[in-house]
Each structure stands twice: as structure tokens, then as C-alpha cells.
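Participant: Model the structure of this input:
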Amino acid sequence: ISEKLTEAGFKAYLVGGCLRDLLLGREPKDWDIATDAKPQEIQKLFPESVYENEFGTVGVKTDSKDATLKIIEITTFRKEGKYTDKRHPDKITFAETIEEDLARRDFTVNAIASEISGKKLVDPFGGEADLKKKLIRAVGDPNERFEEDALRVLRAVRFSAQLGFKIEEKTASAVKKSAGLLEFISKERIRDEFSKTLVTENAAEGVTKLQEFGILKKILPELEEGVGVGQNKHHIFTVFEHNRRSLEYAAQKNFPLDLRLASLLH
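Facilitator: Residues are numbered from 1 along each chain as shown. Below you'll find the model as predicted:
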């Protein structure tokens, strides 16, 4: 796909989670390409592709038997305007360069691009260094990043649990400050991010961070109520710690999401 784009005179870069996972030696779950080709130009090159959104993303179907490669998402470089609703940009405009595109992304580890050959990394925000330091750091001013899209406070915790990384100090401080903005986010999106946190190896650590950052009382106040609440003589832990440890056990056993949820909420 990238060869076809470059042969037609366009640029093509691997970006986002797939590149992050490759640099960490992990198996990518999906593949994203960023390009300076406009959606209509991409569709001309790939007539079987699907374009049904306003974000400049074209889905190119492949014949691969590998589920992660069945559809490759190609997105035109873009810039984003203000986020009045704390979730979606009011206006999206196409950008000229990959650097402009990376500047709109959430965390430095997700703001790296690579020529498909792998010879040249484009890394204006030090994402590769943060991968080595095992840090989740916001791109630019963390308060601005969370003001733009409040779901990012949950994503910070989810990536921390998923990758086993610490959240950088200024970013962590902004997460705490911005937790209240989650009221602007749909319950479905919150559910999705919370579920992704629960299916990580470090699920219990993720829930602990949600509580410490003041996020848990915004999304699951019933669970927060167990903090510091003792139980009868048969239990040595508080209600919250008991639930947290039940989830930890479920994660160690690699149980599916429904059992992890049941263990956390029992």
C-alpha cells in the first residue's frame, strides 16, 4: 500500500499505535498510514476502499488472512481546530507535513512516524526517548491536551496500565486537574476506555490510578465508596482493596472482560 502511494508521488508514514508497538517489540493490533494524499486521491489508487467519515480516513481492504491486516487505515495529514465539546475538533483541515499531523496527537509515544522502510523516524516530541524511559507524557501542554479532549485523561491511565509505564509528573498533575471534564464525554466512550484498562495485565494498578487521580468517583462512584471502609472480622482488607485484589487475581489468570468486571464489582 505504501509503495503504491509513493509511486504515485505521495508520502507515506507508519504512525500511532502500530509504530509504538513495533518499537516496543510488540505485535501491532492494527495498522495506520499517514499521507499527504487527499481522500479522493487515495480512493483513486484503491477503488475498493471505504471512505465514510469526515476525518480524512480511508479504509483499504486487503486479502490478508491476518485479522490485523484486513483493513489498513490511511489518513491524510491533518490539523485540528478548537474542541468546543471537549471531545471533537470543531474543524479539521488538511495539513502539508507529517510534523503538523503529529502535533495534534495525545501522547509523545503515539506522536512518532516512520517511513515504511524504517530508515527514518520523525519524532519531534521525543516519543522514542519516552518509550525507553517508560513514560506517558502529553504532547505539548498537558492541560491544553486534556481541555481539547477529556477522554485523554482515561487514555493516559489506560496506556499506563497497558504498557506498564509511569505517567510523567506534569501530565499526571493535569490528569488530576482535568478529571471533572469527563462529564462532557459520552458514557459509551468512557465504558470503552475503562474496558480496555480492565483487560490489560496491570488492570488493578490502572483502577488504583483512576482512584488516586480522582477519576473513579466520576465514572464509578459506587466503587469509590468502598475506599477506607472496613469489613467484618473475616476480611483484613477494606472494601475497595478487596475488590481491587479480586481484579488483580482475575488479571493474573487472564480471565476475559466479563469475569474481570464481575470480580471488581462483586
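
Participant: I'd like to know how many residues surround residue 244.
Facilitator: 22 (other C-beta atoms under 10 Å). Bear in mind the C-beta positions are built from the backbone N, C-alpha and C, glycine included.

Participant: Skipping adjacent residues, who's closest to it in space?
Facilitator: Counting by C-beta to C-beta, 6 or more residues apart in numbering, residue 204 is the residue found nearest to residue 244 once chain neighbours are left out, at 5.2 Å.

Participant: So, low pLDDT: which residues of this protein?
Facilitator: Within the chain, the segments meeting pLDDT under 70 span 53-54, 80-92, 118, 228-229, 233-235.

Participant: if we can go back for a sec, could you point out the helix or strand that follows whatever helix or strand the residue nearest to residue 244 lives in?
Facilitator: In this structure, residue 204 sits in helix 203-212 according to DSSP states H and E. The element immediately downstream of helix 203-212 (helix or strand, assigned by DSSP H and E) is helix 216-219.

Participant: Report the buried residues of the next helix or strand after that following helix.
Facilitator: Using DSSP H and E, the helix or strand that follows helix 216-219 towards the C-terminus is helix 221-224. Of the residues in helix 221-224, those with enough neighbours to count as buried (16 or more other C-beta atoms under 10 Å) are 223, 224.

Participant: which helices and strands sit right next to helix 221-224?
Facilitator: Taking 3 or more C-beta pairs under 8 Å, 6 or more residues apart in numbering; DSSP states H and E as the contact definition, the neighbouring helices and strands of helix 221-224 are helix 216-219, helix 239-252, helix 257-265.

Participant: phi, psi of the residue nearest the centre of the chain?
Facilitator: The geometric centre of the chain, computed from its C-alpha atoms, lies nearest to residue 155 (C-alpha atoms, centre = their mean), at 5.1 Å. As for residue 155, its main-chain torsions (degrees, to the nearest 10) stand at phi -60, psi -40.
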